[in-house]
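>>> The following comprises the amino acid sequence and a computationally predicted model.
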Amino acid sequence: MAQKRKRKKSLWQRGKENKKLQAALTILLPAFFGILLLALWQGEVLHMVFHTDSYTLPLPTKIGSILTDNLNKIGENTIATVSVASIGLVLGSLLGYITAVLAACFPKLGRGGLSIIGAFASLPVVAMAPVINNWTKDVSNEASVRSMVAKVIVVMLISAANMSLNAYRGLTELEPYASDLMATYAAKKSVVLVKLRLPNSVPYIFVALKVAVPASIMTAIVSEYFAEYITGVGRQIRENIVLAQYATAWAYIATACLLGIISYVILMIVQSILLRKYH
């Protein structure tokens, strides 16, 4: 009996099927690209490509030295930005999720609220922030309090829009057999909500947070441009660009990038721990 000859897999094919290698490449390739970009930047290759000078686009070593020399001041502004982003994200996520639950339980009434909150996702922050600043001008006699409230409201509205739209999908896109089983047992709406809709919405909450967490950082930074009280990473970027202190402005831009990356990594770790049973 003639034996069939097995075709040997190519090195490329074996690499594609190696899960450990693929997992390592997801980290190594972005790291390599980042190091290459920094090398081109430090070597002033980027300056030649974009026809700019090292004053407008300072070298990474210059930005690093400013970061280390002004660590305390940058830390204070970072805490101010993270506070606004965190409070706005938590309040907005709660508001968005409650709206999604109401929309799922009372479709005729809830979808209206869902549409209104969803509309905030399309509003530019640069248009919304000055309006909110004016709206909250009588909240307190302290400029720091008024600015804090205004910035938190802007972040809250953006976060609520992301959460409500994604959570609504999780609450309504149920497995057909699960819905039929609940209907067979004549389960009450409250039972369907607790036993079926809420657990089904958990993965969608993290889908929303993957967008909302970096967006809350960026929204807080942009809203700081227009705030009455001068504090935060975003405000320092604006002030230093106005004063043509580009190296210091880039130090705060690098801080903003780090904030977005760190918050996203923390979210991924929390997701991998909490969603183990869903995989």
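Received it, and whenever you're ready, just let me know what you need.
>>> which other residues reach stretch 159-178?
88-89, 91-93, 95-97, 99-101, 103-104, 114, 117-121, 196-198, 200-205, 207-209, 211-212, 215-216, 219 (C-beta atoms under 8 Å, 6 or more residues apart in numbering). Using the backbone N, CA and C atoms, a C-beta is placed for each residue, glycine as well.
>>> those helices in the stretch 51-200 of the chain, which residues are they?
With DSSP state H, counting those that start in this stretch applied, the stretch 51-200 of the chain shows helices at 60-69, 71-105, 107-119, 125-135, 143-172, 176-184, 189-192, 198-225, listed in chain order.
>>> Would you mind giving these as JSON lines with distance to Ala39 added?
Listed next are those as JSON lines, based on distance: least, C-beta to C-beta, whole Å:
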{"stretch": "helix 60-69", "distance to Ala39": "9"}
{"stretch": "helix 71-105", "distance to Ala39": "25"}
{"stretch": "helix 107-119", "distance to Ala39": "43"}
{"stretch": "helix 125-135", "distance to Ala39": "34"}
{"stretch": "helix 143-172", "distance to Ala39": "36"}
{"stretch": "helix 176-184", "distance to Ala39": "53"}
{"stretch": "helix 189-192", "distance to Ala39": "57"}
{"stretch": "helix 198-225", "distance to Ala39": "26"}
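>>> any chance of those in a markdown table, plus mean neighbour count?
A markdown table is the format used below for these (neighbours: other C-beta atoms under 10 Å):
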| stretch | mean neighbour count |
| --- | --- |
| helix 60-69 | 15 |
| helix 71-105 | 20 |
| helix 107-119 | 14 |
| helix 125-135 | 16 |
| helix 143-172 | 23 |
| helix 176-184 | 11 |
| helix 189-192 | 13 |
| helix 198-225 | 22 |
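>>> Mind telling me which of those helices the model trusts least?
Comparing mean pLDDT over the helices of the stretch 51-200 of the chain, the weakest stretch is helix 107-119, at a mean of 76.
>>> now for it, which elements pack on it?
Packed against helix 107-119 by the contact rule (3 or more C-beta pairs under 8 Å, 6 or more residues apart in numbering; DSSP states H and E) you find helix 71-105, helix 143-172.
>>> Figure out which of the helices of the stretch 51-200 of the chain is closest to Ala24.
With C-beta to C-beta as the criterion, Ala24 lies closest to helix 198-225 of the helices of the stretch 51-200 of the chain, at 22.1 Å.
>>> From the chain's centroid, how far away is that closest one?
Helix 198-225 sits 5 Å away from the centroid of its parent chain (C-alpha atoms, centre = their mean, to the nearest Å).
>>> Return the set of buried residues in stretch 263-279.
For stretch 263-279, burial by neighbour count (16 or more other C-beta atoms under 10 Å) applies to 263, 267, 271.
>>> and which of those is nearest Thr61?
Closest approach between the buried residues of stretch 263-279 and Thr61, by C-beta to C-beta: Ser263, at 26.2 Å.
>>> I am finished for the moment; much appreciated.
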